[in-house]
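*Asks:* sharing a model prediction with you, sequence too.
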Amino acid sequence: AFTIVFHRVAGLESGDTPYVLVALSGVLAWHFFAQTVTDSTHLLVNAAEMVRKIYFPRIVLPAAACLTALVDMLIGVIVFVVVAMCNGWQVPWTIVLFPLWIVWGVVVAMGPALALAALNVRYRDVVHIIPFVLLVGMLLSPVGYPTSAVSGDWSWTYWLNPMVGVIDGFRWSLLGTPPSSWLGMGLSLVTGAALFVGGAALFNWMQRTFADVI
């Protein structure tokens, strides 16, 4: 779908790298993020009986959702390798950095996952806005297009989206294509760290009342 819409219809180019690999690497990162956020938001409410009757670190539930999404993503990596080899993929030295970007992807995903999981316990309507937010987020992230397609005086604001850095990191490590802006990458990393700290703090503050309101 991305190949048809962005590459063939919109005419977006990906340089020397086959477009299908650019899109697939973006999908790997985004699907992991979306699955972690979606599943984490539901888990606390779905496990209401256990939360009310048994004391355990509540963060275990969002962490379990993240682990499941991580396993799914690793299966997706196998698919990526097969497709990449069919497109003449030459393994870059940056592949050794891929585990580091996976870890960073976990950090970025867990920030909003923790915050939304906590908010959904008190405000049950939160779960209904997640699909819309994720759809908008996908369009605002370079899933189906390279970050080099975004330019202009205000392009730095684009890097405030922490998933921009994660997706560019995935592409850099899997395809050997460096980020279009190292300054932007740094800004994205800072934003992702702030999002994680804020989400963890909100979850820790609200978890004391989970058993009472769930």
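*Replies:* Yep, that arrived.
*Asks:* so what pLDDT did the residue lying farthest from the centre of the chain get?
*Replies:* Each residue of the chain has a distance to the centre, and by Cα atoms, centre = their mean the biggest one is for residue 53: 32.5 Å. As predicted, residue 53 sits at a pLDDT of 80.
*Asks:* could you check how far it is from residue 211?
*Replies:* As for residue 53, its distance to residue 211 is 8 Å (criterion: Cβ to Cβ, to the nearest Å). Yep, even glycine has a C-beta here, placed from its N, CA and C like the rest.
*Asks:* helix, strand, or coil at the residue nearest in space to the middle of the chain?
*Replies:* The chain has residue 33 as the residue nearest its centroid, 2.9 Å off, counting by Cα atoms, centre = their mean. Following DSSP: H, G, I helix; E, B strand; the rest coil, residue 33 is assigned to helix.
*Asks:* before we move on, back to that, how much space between the residue farthest from the centre of the chain and residue 206?
*Replies:* Taking Cβ to Cβ, one finds residue 53 at 19 Å from residue 206.
*Asks:* does the residue nearest to residue 131 when sequence neighbours are not counted sit in a helix or strand, and which one?
*Replies:* What sits nearest to residue 131 in space, not counting adjacent residues and going by Cβ to Cβ, 6 or more residues apart in numbering, is residue 38, at 7.9 Å. Residue 38 belongs to helix 19-46 when elements are defined using DSSP states H and E.
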